[in-house]
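got a sequence here, can you build the structure:
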Amino acid sequence: MIIISIIIRHFYLQKNRPVETLIGLKRMTSVDAESIFNMLTSVLQQFSKDWSTVLAVCFDGASTMSGSISRVQARCKQENNNIFYILCYAHCLNLALIDSICEKSNTKSGLKNSSLIFNFLGTVQFVYTFLENSPIRHAVLENIAKESGQRFLTLKSLSTTRWACRAEAVSSIKKNYNIILSALHNICDDCTIPEIQEKGGLFKQLQTFEFIFSLCMMEPILQMILIASKSLQSSNLDLLTAVQLINSLKKSLISMRYSEQYDETFNKCLKICKEHDIEIPEVRNRKVSTKVDSIKNQHMFVSKSEELKVTVYYKTLDILINGLHSRFTQESLDMINAVGNNMISLEIHQTNLYEVLQTIFLISHEGLVAELRILKSVPNGSSTKAVYDWLDFLKENQRQNVFPNFKKVLIHFATIPVTSCSCERVFSKLPIVKSKLRSTMLQERLESFLLLFVEQEKLMNVQIEEVIDEFKSMNNERERRLVL
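This is a model prediction of the structure:
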């Protein structure tokens, strides 16, 4: 059974903020673009709306949804050409990360990914599988942690669906490195022969220079991506903040390409290797062939540091930076630039940029420029450069009707979704609702239960007495039936 979660993002005037509301789960018998589009159209009709009232749609990167020719995005634009298609920023970041660490991925940059990082993550997953899949081995690990007096960080498994898993898994290996080595050393040898061989191979792999270097290199990169990923999953995020966050992440990754940053990483690696008597390998000088061959590069490295810097460190960072650049180049960037770099900063010199906003939000270009001139001269006016702060300023000073074009752009801009993660959260609530009665539930009842779990904030405002009175006033016997 295939289920699609539907969330509507709208501006709630009472809160002066956009809110996201669960509409329901729709069961699909077919997942082609036309079937999904027809389902979305029926949802709009259910609320007496049509596609002309839709400002933007936000999907993940699935080809059925994002295709620009005959997919759901294209069908939406056929009904309303001004609709923005937002590719979920959180999904984009995860895909860029996968491209940079997966050996067999096809990157647009044309750079071949380093197998060292790919093998490193395979070892990280093997550590989890070997120690956590056996209660006996896990008990040994816990006992070693208690005896050492160190705080033990739970080992995590790698997953393609949990975006935080890679950072958590690598961080737990780094913090528990000594405990894991001691546990592998103390695991009883009364295991089966394959298990003994696995233990020996894993113990040896963890004590290689390549593993230590990958650990020191990937841990800070994954932690930065984790911070950005968590922020991009917020339902309160606006497009301007999201773009600023991605740009900050890019700058941080670019700064890691400086020689000082690499030297710091390499020195950390050397320190750990020295503490555990791990041998630092020498550079293997390849003999230059005297015959014509297919190898294009004849460059020789003078040290292991230089070799890893060029073939692993720079290459991984370049693929990740290029992935961020290519995946976050979306059609909404002109509009974001007009609002973020000009309008909310009260910039009135490049007024031609506001013509974009006139087309998108159906406002008066000249009226908006005039309002910006007045706002710039308002005593004690807001000096903020954040969308939500401007909304608060207009409401608190009761100037929403004085600057209608400015207010309309702010409201519409804040309402445009950045991520589709709210739809993912609905499915995380599904196991809570799923019970022994699940097989007897109809779709309507399932949606009603999910609505209670997902929209708990709204549920807190429900007056129980009013619900009882409404239940009493129902005339239809079927409606008054209470299903437990």
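
now the most centrally placed residue in the chain: closest residue in space, sequence neighbours ignored.
Residue closest to the average C-alpha location in the chain (Cα atoms, centre = their mean): A90, at 2.5 Å. Among residues not flanking A90 along the chain, L232 sits closest, at 4.3 Å (Cβ to Cβ, 6 or more residues apart in numbering). To be clear about C-beta, it is placed using only N, CA and C from the backbone, and glycine gets the same treatment.

number of residues surrounding that neighbour?
24 (other Cβ atoms under 10 Å).

longest helix of the protein?
Counting residues, the longest helix in the chain under DSSP state H turns out to be helix 209-232.

what residues of it count as buried?
Neighbour-count burial for helix 209-232, counted by 16 or more other Cβ atoms under 10 Å, picks out 209-222, 225-226, 228-229, 231-232.

could you do stretch 60-73 as well?
D60, M65, S66, R71, V72, Q73.

distance of the first one relative to Y314?
The gap separating D60 from Y314 is 30 Å, by Cβ to Cβ, to the nearest Å.

what does the second one give?
As judged by Cβ to Cβ, M65 and Y314 stand 35 Å apart.

can you list the weak-confidence ranges in the stretch 101-250 of the chain?
Residues of the stretch 101-250 of the chain meeting the criterion pLDDT under 70: 102-114, 188-193.

again with the stretch 301-450 of the chain
330-331, 379-384, 432-441.

all helices of it, in order?
304-308, 314-327, 333-338, 354-361, 365-377, 387-396, 404-415, 421-433, 443-454 (DSSP state H, counting those that start in this stretch).

and for the stretch 151-300 of the chain?
Counting by DSSP H, counting those that start in this stretch, the helices of the stretch 151-300 of the chain are 165-175, 177-186, 193-206, 209-232, 239-255, 259-275.

can I get the fifth one in CSV? Just the C-alpha atoms.
Which is helix 239-255. C-alpha atoms of helix 239-255 as CSV (Å, rounded to 0.1, in the frame of the first residue of the first chain):
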residue,chain,number,x,y,z
LEU,A,239,13.6,30.8,2.2
LEU,A,240,15.9,33.6,3.0
THR,A,241,17.2,32.0,6.2
ALA,A,242,17.6,28.6,4.4
VAL,A,243,19.7,30.2,1.6
GLN,A,244,21.8,32.0,4.2
LEU,A,245,22.3,28.7,6.0
ILE,A,246,23.4,26.9,2.9
ASN,A,247,25.8,29.7,1.9
SER,A,248,27.3,29.7,5.4
LEU,A,249,27.8,25.9,5.1
LYS,A,250,29.5,26.4,1.7
LYS,A,251,31.8,29.0,3.1
SER,A,252,32.7,26.8,6.0
LEU,A,253,33.5,23.9,3.7
ILE,A,254,35.6,26.1,1.4
SER,A,255,37.5,27.4,4.4
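
if we ignore the residues flanking it in sequence, what's nearest A338?
In space, A338 is closest to L353, 4.4 Å off (Cβ to Cβ, 6+ apart).

ok, L451 next?
L22 (5.9 Å).

now A96
G323 (3.4 Å).

in stretch 152-168, what counts as buried?
Applying 16+ other Cβ under 10 Å to stretch 152-168 flags F152, L155, K156, L158, W163, A164, C165, R166, A167, E168 as buried.

related to what we said a few turns ago, so which of the buried residues of stretch 60-73 are in helices?
M65, S66, V72, Q73.

just the pLDDT for the third one.
Pointing back at V72 there. What the model reports as pLDDT for V72 is 89.

residue contacts, it?
A33, I36, F37, L40, V57, F59, T64, M65, S66 (Cβ atoms under 8 Å, 6 or more residues apart in numbering).

before we move on, what about Y12?
P18, V19.

also N82?
Taking Cβ under 8 Å, 6+ apart, one finds T359, I360 in contact with N82.

again, but for E142
F152.

same thing but at 6 Å, please
By Cβ atoms under 6 Å, 6 or more residues apart in numbering, the contact set of E142 is empty.

what separates the longest helix of the chain from the chain centre, distance-wise?
15 Å (Cα atoms, centre = their mean, to the nearest Å).

measure V124 to V140 for me?
Distance from V124 to V140, by Cβ to Cβ: 19 Å.

compare the two (neighbour count), which wins?
The neighbour comparison of V124 against V140 (other Cβ under 10 Å) goes to V124, with 25 against 19.

how deep is I321 tucked in, by neighbour count?
20.

against L308, how distant is it?
I321 is 18 Å from L308, by Cβ to Cβ.

sorry, back to before: pLDDT score assigned to the residue nearest to the centre of the chain?
For A90, pLDDT reads 88.

which element, helix or strand, includes it?
Using DSSP states H and E, the element containing A90 is helix 89-101.

and that helix, what's buried?
For helix 89-101, by 16+ other Cβ under 10 Å, it's Y89, A90, H91, C92, L93, N94, L95, A96, L97, D99, S100, I101.

swap in stretch 74-89?
R75, C76, K77, I83, F84, Y85, I86, L87, C88, Y89.

where does Y85 land in three-state SS?
strand (DSSP: H, G, I helix; E, B strand; the rest coil).

which non-adjacent residue is nearest it?
Q73 (4.6 Å).

go on, L270?
In space, L270 is closest to I280, 7.1 Å off (Cβ to Cβ, 6+ apart).
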